[in-house]
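Visitor: sequence isn't available, so here's the structure alone:
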């Protein structure tokens, strides 16, 4: 019949439902057309009126009441028992397949060497990040963040000297801090050596001085004495230069000098991919824009 396979129970059920709906519609339309011709309004009118129009105080017809109750019961069944919870879902199957693949993928790449992580991170960077940050990651002459300095003392020094629109945090933007270059380098060394989980700095002899400057130059007012941002009021410096900080930026986006970096949460980066991307950025030699 019209090329339809009626042996398929889904097609048969759909056609049956369609015919039932058409028949019921025809019956109801015919019923009410007849009523409109022969019946007259009956019942007690309400006292309120508007522009000469009043309404009846008639009770809801029994048939309507039954329809409403059936629709409500069916709605609860549909949400809590029927489709889509207990039915096959192509999207659900796809998500399950992706999760299974990612699990196998993670096991396969769990023991990559540092060199392999950097190579993997470079591939991710060229596909996802180079459009704004440039293939050399230097920010295309100020159009985006210079990632060759990110996660290093140079990045902290740049933030101290020029400020940062940064993340959307309660205390807002960080303004530039009036500080000599040597003091800024000392603060950066202190953050990298003692506060950040990186626990390494290129300037170990400046750490003691950096701690003193950090405590006296107003840094603790926003970041707290431990540098952890006082429960999210400012950036948590303990994660600076680590995959955890990179993951936060990728998931939440970040304000920049020329606009807003969008969230990359849709990309669904795995933990290993973020670790690899962080390793690549860390491997870059700092340079100016």
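Guide: Cool, the structure landed. Just so you know, these numbers come straight off a predicted model, no measurement behind them.

Visitor: flag the shaky bits of this structure, pLDDT-wise.
Guide: 1-6, 83-87, 257-258, 288-289 (pLDDT under 70).

Visitor: now the strands for it?
Guide: 45-50, 53-56, 254-256, 259-261 (DSSP state E).

Visitor: what helices or strands is the third one leaning on?
Guide: Pointing back at strand 254-256 there. If you count contacts as 3 or more Cβ pairs under 8 Å, 6 or more residues apart in numbering; DSSP states H and E, strand 254-256 packs onto strand 259-261. For the C-beta atoms, the positions are set from N, CA and C on the backbone; glycine is no exception.

Visitor: buried stuff in the strand it packs on?
Guide: Under the neighbour-count criterion of 16 or more other Cβ atoms under 10 Å, strand 259-261 has residue 261 buried.

Visitor: got the strands of the chain as JSON lines, with distance to residue 105 columns?
Guide: Listed next are these as JSON lines, based on distance: least, Cβ to Cβ, whole Å:
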{"stretch": "strand 45-50", "distance to residue 105": "67"}
{"stretch": "strand 53-56", "distance to residue 105": "66"}
{"stretch": "strand 254-256", "distance to residue 105": "27"}
{"stretch": "strand 259-261", "distance to residue 105": "26"}
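
Visitor: residue 96: which of these is closest?
Guide: strand 259-261 (31.3 Å; Cβ to Cβ).

Visitor: circling back to that earlier point, out of the strands of the chain, deepest packed?
Guide: Each of the strands of the chain was scored by mean neighbour count; the highest is strand 254-256, a mean of 16, by mean count of other Cβ atoms under 10 Å.

Visitor: helices of the protein, start to end?
Guide: 9-38, 62-80, 90-108, 114-128, 130-133, 139-142, 153-162, 181-190, 207-216, 220-223, 229-232, 243-252, 271-283 (DSSP state H).

Visitor: re earlier: out of the strands of the chain, nearest to residue 32?
Guide: That would be strand 53-56 among those, by Cβ to Cβ, at 16.5 Å.

Visitor: sheet-wise, list the partners of the closest one with their directions.
Guide: Strand pairing for strand 53-56, using DSSP bridges, gives strand 45-50 (antiparallel).

Visitor: how far does the strand it pairs with sit from its chain's centre?
Guide: Mean-position distance between strand 45-50 and its chain equals 53 Å (Cα atoms, centre = their mean, to the nearest Å).

Visitor: what's that strand in contact with?
Guide: Here strand 45-50 makes contact (Cβ atoms under 8 Å, 6 or more residues apart in numbering) with 54, 55, 56, 57.

Visitor: just stretch 157-174 next, same as before
Guide: Counting by Cβ under 8 Å, 6+ apart, 146, 149, 175-177, 179, 181, 184-185, 187-188, 222, 229, 232-235, 248-249, 252, 254-257 sit against stretch 157-174.

Visitor: next: stretch 221-236.
Guide: Outside stretch 221-236, the residues touching it (Cβ under 8 Å, 6+ apart) are 166-167, 169-171, 174, 191, 195, 214-215, 219, 237-238, 245.

Visitor: can you get me a residue count around residue 12?
Guide: 13 (other Cβ atoms under 10 Å).

Visitor: quick one: it and residue 158, what's the gap?
Guide: 69 Å (Cβ to Cβ, to the nearest Å).

Visitor: residue 263 now?
Guide: 24 Å.

Visitor: which one's more surrounded, those two?
Guide: residue 158 (21 against 13).

Visitor: picking up where we left off before, can you redo the contacts of strand 45-50 as TSV with distance to residue 129?
Guide: Formatted as TSV, the contacts of strand 45-50 follow (distance: Cβ to Cβ, whole Å):
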residue	distance to residue 129
54	69
55	65
56	68
57	69
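
Visitor: what's the closest of the residues you listed to residue 281?
Guide: Nearest to residue 281 among the contacts of strand 45-50, with distances taken as Cβ to Cβ, is residue 55, at 70.4 Å.

Visitor: please determine how far the closest one is located from residue 44.
Guide: 10 Å.

Visitor: follow-up on the earlier one: the helices of the chain into a markdown table, with extra columns for distance to residue 49?
Guide: Shown next, in a markdown table, are the helices of the chain (distance: least, Cβ to Cβ, whole Å):
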| stretch | distance to residue 49 |
| --- | --- |
| helix 9-38 | 23 |
| helix 62-80 | 24 |
| helix 90-108 | 53 |
| helix 114-128 | 66 |
| helix 130-133 | 66 |
| helix 139-142 | 71 |
| helix 153-162 | 71 |
| helix 181-190 | 78 |
| helix 207-216 | 77 |
| helix 220-223 | 65 |
| helix 229-232 | 59 |
| helix 243-252 | 57 |
| helix 271-283 | 68 |
